[in-house]
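[1] coords below, sequence missing:
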């Protein structure tokens, strides 16, 4: 497979071919173990879609979306979704090379996927050994399963502090914080300061699903309660 090399975002601009404003292109890499939700994150952001069935990414998939920042600047995020099994592959260095940002993704309910982020980051550092490191972000996915969390937010933030990474928590399934993550990422890459209000305006409204759990043992449902006896001595 021939891997296209991304040109530096400035001063070169992406020409849309029509009268629309040109966009500054940035190459964004999604790295992490298989089944942590990298493809779901990319699809939710680029297509606002979530696939209910899991399909393993082999090699690399590509996604593309334009973002307009508050100052009117347009950014084109070219997202490379790298398969989780690629960490030992010969092409992985070529996939990562030229990235402007790397999102290290893990599943907050899978502690091993969080531990393996160290290996993915080591791979990025090795690829950029003699060059400037890209922007690095740590992404904890599946926050809708917070009741099954195995990675505490303190661990997440500690990793970010120790490795100069930007922290994000999101949910690809319902879209929570996905747009916010990429909007902030685009602004950081373009060097554009954004206000809290501007960031919050990108947040998708998530409707909570109310689940009526069983409150008693099903085997006891319908069983008659023993009548209380009153005895006079």
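    Happy to help now that I have it. This structure is a prediction, so every number in the text was calculated from the model and none was measured. Numbering: from 1, shown residues only.

[2] ok, residues contacting the lowest-mean-pLDDT helix or strand in the chain?
    One helix or strand of the chain scores below all others by mean pLDDT, DSSP states H and E: helix 196-200, with a mean of 86. Applying C-beta atoms under 8 Å, 6 or more residues apart in numbering, the contact partners of helix 196-200 are 70, 180, 183-184. For the C-beta atoms, the positions are set from N, CA and C on the backbone; glycine is no exception.

[3] Now do the helix ranked longest in the chain: which elements does it pack against?
    Counting by DSSP state H, the longest helix found in the chain is helix 178-190. Helices and strands touching helix 178-190, by 3 or more C-beta pairs under 8 Å, 6 or more residues apart in numbering; DSSP states H and E, are strand 23-31, helix 38-47, strand 60-68, strand 74-82, strand 101-107, strand 135-141, strand 166-169, helix 196-200.

[4] Need the ones you listed in JSON lines (columns: mean neighbour count and distance to residue 114).
    Shown next, in JSON lines, are those (neighbours: other C-beta atoms under 10 Å; distance: least, C-beta to C-beta, whole Å):
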{"stretch": "strand 23-31", "mean neighbour count": "24", "distance to residue 114": "13"}
{"stretch": "helix 38-47", "mean neighbour count": "22", "distance to residue 114": "14"}
{"stretch": "strand 60-68", "mean neighbour count": "15", "distance to residue 114": "23"}
{"stretch": "strand 74-82", "mean neighbour count": "22", "distance to residue 114": "18"}
{"stretch": "strand 101-107", "mean neighbour count": "26", "distance to residue 114": "5"}
{"stretch": "strand 135-141", "mean neighbour count": "23", "distance to residue 114": "8"}
{"stretch": "strand 166-169", "mean neighbour count": "18", "distance to residue 114": "12"}
{"stretch": "helix 196-200", "mean neighbour count": "11", "distance to residue 114": "25"}
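
[5] okay if I get those as a markdown table plus distance to residue 156?
    Output for the helices and strands packed on helix 178-190, formatted as a markdown table (distance: least, C-beta to C-beta, whole Å):
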| stretch | distance to residue 156 |
| --- | --- |
| strand 23-31 | 16 |
| helix 38-47 | 16 |
| strand 60-68 | 25 |
| strand 74-82 | 21 |
| strand 101-107 | 9 |
| strand 135-141 | 6 |
| strand 166-169 | 6 |
| helix 196-200 | 19 |
